[in-house]
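Student: quick one, fold the following:
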Amino acid sequence: MKLDHENEASETLPVSGVERAVRLVTLSGAGLAALLVLIVFGVVSYSVFMRYVLGTPVTFSDELNGFIVVAMVALGAGEVLLRGEHFGVDLLTERTGPRTQWLVEVWGMISVILVAAAVLYSAVLMVRFSYDFGIYSEGYLGVRMWIPQGFLLIGMVILILAALARIVTLLTVRRP
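Tutor: Here you go, the predicted structure:
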């Protein structure tokens, strides 16, 4: 028995040249996110070993992993969007015709762009503020906050590019 996303993944839908080009950017973000997963695994393993085997707890691991998890999600969001593996509600759209489904998908991409643009704007202000005032994290790492915050900014740019590329595909290659 296949899941819905497995059926969709097995169908190769046509994509525009713009989407293929942006795919290189989203794959780069997803690749970095995958590398960060390995880093989190390493930090957690090190922390567990130090605490339970050597009896010396590590103080920085929770803070570091929190920063890394935010970076993983932000960097991987664009690729998830292009793969069609993001959250969606199909209850109503499955019962409509191809034209309505197409319109819902276009509107969905526009909504993604609007929300990501709002987050991007906030991220720009946040990074600029943290950089200008030299703000450091309050935890044990004492890292300059603009560095982990910058990953949110990069991730939103990638997400906006992915949604724009999908809109180009929908308008040029997948018109109903």
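Student: which residue is nearest the middle of the protein?
Tutor: Centroid check for the chain by C-alpha atoms, centre = their mean gives residue 77 as the closest residue, at 2.1 Å.
Student: element containing that one?
Tutor: Element membership for residue 77 (DSSP states H and E) is helix 61-83.
Student: what comes up buried for that helix?
Tutor: Residues of helix 61-83 classed as buried by neighbour count (16 or more other C-beta atoms under 10 Å): 61, 63-65, 67-68, 70-72, 74-82. Any C-beta I mention is one placed from the backbone N, CA and C, and that applies to glycine too.
Student: not counting sequence-adjacent ones, nearest residue to residue 151?
Tutor: Spatial nearest neighbour of residue 151, chain neighbours left out: residue 71 (3.7 Å); criterion: C-beta to C-beta, 6 or more residues apart in numbering.
Student: show the pLDDT at that neighbour.
Tutor: Residue 71 carries a pLDDT score of 97 in this model.
Student: all numbers from here: first residue = 38
Tutor: Let's use 38 as the start, then, which means that last one is residue 108.
Student: right, and it touches residue 74 too?
Tutor: No. Contact criterion C-beta atoms under 8 Å: residue 108 and residue 74 do not qualify, at 10.5 Å.
Student: can you give me the offset of the helix ranked longest in the chain from its chain's centre?
Tutor: The longest helix of the chain (DSSP state H) is helix 135-170. Relative to the centre of its chain, helix 135-170 is centred 12 Å away, using C-alpha atoms, centre = their mean, to the nearest Å.
Student: show me which residues of it are buried.
Tutor: For helix 135-170, the neighbour count (16+ other C-beta under 10 Å) marks 138-139, 141-142, 145-146, 149-150, 153, 156-157, 160, 163-164, 167 as buried.
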